[in-house]
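Novice: Return atomic coordinates for the entry below.
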Amino acid sequence: MDRNILQWQPQGTPRADPVSIADDCLVAWALARGGHLLVVDDSPTNRLLTAALMRKAGFTVDTADGGAEAIVSVATAEAPYDAVLMDVAMPEVDGIAATMAIRAMPSPRAAVPIIAVTAHGFAEDRDRCVFAGMNDYVPKPVRRPELLAALKRWLEPRAPEGAAVRRTIPAP
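Specialist: Now for the predicted structure:
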C-alpha cells in the first residue's frame, strides 16, 4: 500500500504539523492564562528576543540584564512574579548565585518558579541548576514551544498527591 495515499490532502491544504499543533495549544494556554514574567539575560539580543516571544504569547514581561538586577527586581516587584526565566552564565552575579539569593528571600517571593535558560547543555550543568534551586531547564537557542511547556509545567495548578482522578464523564 502506498503511504502517500494515506496522507493525501486537497491541493493547497497545509499539512498538520504535530510541532506546530503543540505550539498552537501552548500559545492558547499562555494567552488564556497570562501572567507576569521576569526575563534575565546579560545579552541584550537574547533578552529582547525572549521577552518578545513571551509578550506575543500573552505574558507581561520585565527584564533584567544580570543576576544582581534580577535579585532587586524580585525583591521589589509590586506583586511576586509568576516565573523567572534566568540565564545561567552571566558576569558578576550569575544565574546560580541569583537563584540562591532569591530562594533565601521571604515567602512568597522565594517560591517563584525559576527556569534556567542556558547554552550549557551537559547533565552536570542541569544538576547545578537544580541544586541551586531552579525548577526547570530550557536550552538555548530558545524555542517557544519548549519555553511555554516549561512554564506550563510550573504555572498549572496540580492536583494534590494521592487525589482521585477527576472524570468528565461518569464511569460505567
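Novice: any idea how far the spatially closest residue to Asp82 that is not a sequence neighbour is from Ala68?
Specialist: Excluding its sequence neighbours, the residue lying closest to Asp82 (C-beta to C-beta, 6 or more residues apart in numbering) is Gly35, at 3.6 Å. The way it works is simple: take the backbone N, C-alpha and C, and place the C-beta from them, glycine included. According to C-beta to C-beta, to the nearest Å, Gly35 and Ala68 sit 24 Å apart.
Novice: for the protein, what spans make up the helices?
Specialist: All helices of the chain, identified by DSSP state H, fall at 3-6, 18-33, 44-56, 67-76, 95-103, 123-132, 144-155.
Novice: In terms of mean pLDDT, which of the ones you listed ranks lowest?
Specialist: Least confidently modelled of the helices of the chain is helix 3-6, at a mean of 49 by mean pLDDT.
Novice: if I look at the closest residue to Ala149 other than its chain neighbours, how far off is Val84?
Specialist: Take Ala149 and drop its neighbours on the chain: the residue closest to it by C-beta to C-beta, 6+ apart is Leu26, 6.1 Å away. With distances defined as C-beta to C-beta, the gap from Leu26 to Val84 amounts to 19 Å.
Novice: Those two: which has the busier surroundings?
Specialist: It is Val84, of Leu26 and Val84, that has more neighbours when counted by other C-beta atoms under 10 Å, with 26 against 19.
Novice: From Ser73, how far off is the more buried one?
Specialist: 9 Å.
Novice: ranking the helices of the chain by burial, who's on top?
Specialist: Ranked by mean neighbour count under mean count of other C-beta atoms under 10 Å, the helices of the chain are led by helix 95-103, which reaches a mean of 21.
Novice: Which elements pack onto it?
Specialist: Here helix 95-103 touches helix 67-76, strand 83-87, strand 114-118, helix 123-132, going by 3 or more C-beta pairs under 8 Å, 6 or more residues apart in numbering; DSSP states H and E.
Novice: Can you name the residues that contact Lys140?
Specialist: Asn46, Val117, Thr118, Ala119 (C-beta atoms under 8 Å, 6 or more residues apart in numbering).
Novice: Check those residues against Leu151 and report the nearest one.
Specialist: Of all those, Leu151 sits closest to Val117, with 11.2 Å by C-beta to C-beta.
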